[in-house]
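Chemist: Sequence first, then the predicted structure, then my questions.
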Number of protein chains: 2
Amino acid sequence: MPSPTPTQQPLTRDEEAVVRALGRVILVIPRVMDADLMREQRLPFSEYGTLMHLSEAPHRRMRMSELAAAGDLSLSGMTRVVTRLEAQGLVKRVKCAEDARGLNAVLTDDGLARLEQAWPTHLDSVRRHIIDHLDGLDLVQLARALERFATAVEDPREPSASGDASE
Amino acid sequence: MPSPTPTQQPLTRDEEAVVRALGRVILVIPRVMDADLMREQRLPFSEYGTLMHLSEAPHRRMRMSELAAAGDLSLSGMTRVVTRLEAQGLVKRVKCAEDARGLNAVLTDDGLARLEQAWPTHLDSVRRHIIDHLDGLDLVQLARALERFATAVEDPREPSASGDASE
DNA sequence: TCTGATTAATTGCTACGGCAAGCAAGTTCC
DNA sequence: GGAACTTGCTTGCCGTAGCAATTAATCAGA
């Protein structure tokens, strides 16, 4: 595939600054968010996020595959997260009524309590590491831009409309 | 430590949107950047970044610890990255003249060539996934905000001015 | 200069997450 | 109804990265 965009001039100064800073953010933010939760709540972010997704779902329950998608994790990864949560009694796996292949991960009362306990820590973390540094920016436009980052890609495994002839 | 900030109101709508979008970006961007480089160049991003840092350093050489800091990686992590790069002949480890404990990772000619070969792929990746979605935003302010995200934290292992009495 | 403390880097151990293989349940078509 | 295929989830295996322990070299003090 010959490059369709021969315009390889090396980014403007400002673009480069954004990319470099973003690169750092991408490495550092997950680390500190996880560290904060871990230190103050003994709860890794992967588990916190999973509890959060469940708490927001219709009956505090989601299918494993939904949950994996919500957390941007592979299904096998989510299997492990839920296994850990289940071992702590924060989540239960319940056979799905209308499709016996499926499982629902259900947030238990303990799980909800754990989430509510951890929430202030995480919120504080978010404020200190992110929110407090946003002044001067248009939040609506920023959110839109960031959403495009994440979604413009879709899943590489998804077959695109244009049939990929190569390979 | 009782929370010094009792103001735990749950973020405005816009703040929440930014945080959610950023959370997704943080998960997805590194994955797609790595995937692009991997697919088109067989080069993981950790190695690409390391070659890049070396190429920008004074004599195409950096101490292991410098390099680790530049790449936001632990020293042991960088040891492994450099080991891999050395095995491919892209980098050499050279004993440091003025401190025999230290090692300089030196970018070889092959390493520079590899970087130059991979560069367009990465640049294209950056454009498609990031730059192309920034319109409408003030890049200078965005970069500043992102830099504050990353630096406001410093290292948690670093003892802060206020002596931590707990523990 | 010899002893002890500190620093630079590597290695052992472990945890996490992805892919691919496996297994169980559902669907389709004859 | 049952053989072939698909779908939902789990498990085996592997690669990567961090922390703690280790080794080697330097520095500080008697």
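Modeler: Arrived safely. Since the structure is predicted, the reported quantities are computational estimates derived from the model, not experimental observations.
Chemist: measure the residue of chain A found nearest DNA strand C to B:His122 for me?
Modeler: Nearest residue of chain A to DNA strand C: A:Gly77, at 2.5 Å (C-beta to the nearest atom of the strand). Any C-beta I mention is one placed from the backbone N, CA and C, and that applies to glycine too. Per C-beta to C-beta, to the nearest Å, A:Gly77 is found 26 Å from B:His122.
Chemist: What lies in contact with the helix or strand bottoming out on mean pLDDT in chain A?
Modeler: Lowest on mean pLDDT, DSSP states H and E among the helices and strands of chain A sits helix A:139-151, with a mean of 88. Contacts to helix A:139-151, defined as C-beta atoms under 8 Å, 6 or more residues apart in numbering or on different chains, come from residues A:134, B:14-15, B:17-18, B:20-22, B:24-25, B:28-29, B:129-130, B:133-134, B:136-137, B:142.
Chemist: Give me the buried subset of those residues.
Modeler: A:134, B:15, B:17-18, B:21-22, B:24-25, B:28-29, B:129-130, B:133-134, B:137, B:142 (16 or more other C-beta atoms under 10 Å in any protein chain shown).
Chemist: sorry, back to before: how about the contacts made by the residue of chain A closest to DNA strand C?
Modeler: Counted by C-beta under 8 Å, 6+ apart, A:Gly77 has contacts A:Ala68.
Chemist: That one and A:Ser55: what is the separation?
Modeler: Applying C-beta to C-beta, the value for A:Gly77 to A:Ser55 is 20 Å.
Chemist: rewinding a little: can you give me the angle the least confident helix or strand of chain A makes with helix B:139-151?
Modeler: For helix A:139-151 against helix B:139-151, the angle by axes from the mean of the first three to the mean of the last three C-alpha atoms, to 10 degrees is 70 degrees.
Chemist: Tell me the buried residues in helix A:139-151?
Modeler: The neighbour-count check on helix A:139-151 (16+ other C-beta under 10 Å) flags A:139, A:141-150 as buried.
Chemist: for the longest helix seen in chain A, packing partners?
Modeler: When chain A is parsed with DSSP state H, its longest helix is helix A:13-41. With contacts defined as 3 or more C-beta pairs under 8 Å, 6 or more residues apart in numbering or on different chains; DSSP states H and E, helix A:13-41 has these neighbours: helix A:45-56, helix A:109-129, helix B:13-41, helix B:139-151.
Chemist: now the buried residues of helix A:139-151 in JSON lines, with distance to DNA strand D?
Modeler: Compiled in JSON lines, the buried residues of helix A:139-151 are given as follows (distance: C-beta to the nearest atom of the strand, whole Å):
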{"residue": "A:Leu139", "distance to DNA strand D": "30"}
{"residue": "A:Gln141", "distance to DNA strand D": "32"}
{"residue": "A:Leu142", "distance to DNA strand D": "27"}
{"residue": "A:Ala143", "distance to DNA strand D": "28"}
{"residue": "A:Arg144", "distance to DNA strand D": "31"}
{"residue": "A:Ala145", "distance to DNA strand D": "27"}
{"residue": "A:Leu146", "distance to DNA strand D": "24"}
{"residue": "A:Glu147", "distance to DNA strand D": "25"}
{"residue": "A:Arg148", "distance to DNA strand D": "26"}
{"residue": "A:Phe149", "distance to DNA strand D": "21"}
{"residue": "A:Ala150", "distance to DNA strand D": "21"}
